[in-house]
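Visitor: 3D model of this:
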Amino acid sequence: MAAKTEEGTLGYEQARDELIEVVRRLEAGGTTLEESLALWERGEELAKVCRHWLEGARARLDAALAGADSEEPAEG
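Guide: Sure, this is the predicted structure:
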């Protein structure tokens, strides 16, 4: 798990896919306490990356919708 999780380093899909794998490994069990903690911490980092991407997408969508609303001619 050498990929950096600094914002912008991982794409959303990469972070999501790795997060899915982390969750799968945690649910499967069979790891030591130390390994489980490391997986949990990695999962938290990946979730943060995913949230960052989703919040950015939401802001872009909101801005686009606000721009579309302001371009509509006023009725009256």
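Visitor: so what's the spatially most central residue of the chain up against?
Guide: The C-alpha lying nearest the average C-alpha coordinate of the chain belongs to residue 50 (CA atoms, centre = their mean; 0.4 Å). Shown in contact with residue 50 (CB atoms under 8 Å, 6 or more residues apart in numbering): 12, 15, 16, 19. Heads up, the C-betas are built off the backbone N, CA and C, glycines and all.
Visitor: check what pLDDT it gets.
Guide: At residue 50, the pLDDT value in this model is 97.
Visitor: before we move on, the earlier item: what about burial for the contacts of residue 50, which qualify?
Guide: Those of these that meet the buried threshold are 15, 16, 19, by 16 or more other CB atoms under 10 Å.
Visitor: from those, which ones fall inside helices?
Guide: Counting by DSSP state H, the part of the buried ones among the contacts of residue 50 found in helices is 15, 16, 19.
Visitor: mind checking how far the first one is from residue 70?
Guide: According to CB to CB, to the nearest Å, residue 15 and residue 70 sit 34 Å apart.
Visitor: for the buried ones among the contacts of residue 50, give me JSON lines that also has pLDDT and distance to residue 29.
Guide: Below are those laid out as JSON lines (pLDDT from 0 to 100; distance: CB to CB, whole Å):
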{"residue": "15", "pLDDT": "98", "distance to residue 29": "24"}
{"residue": "16", "pLDDT": "98", "distance to residue 29": "22"}
{"residue": "19", "pLDDT": "98", "distance to residue 29": "18"}
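Visitor: let me see the mean pLDDT of stretch 31-38.
Guide: Stretch 31-38 comes out at a mean pLDDT of 98.
Visitor: what segments of this protein are helices?
Guide: For the chain, applying DSSP H gives helices covering 12-28, 33-71.
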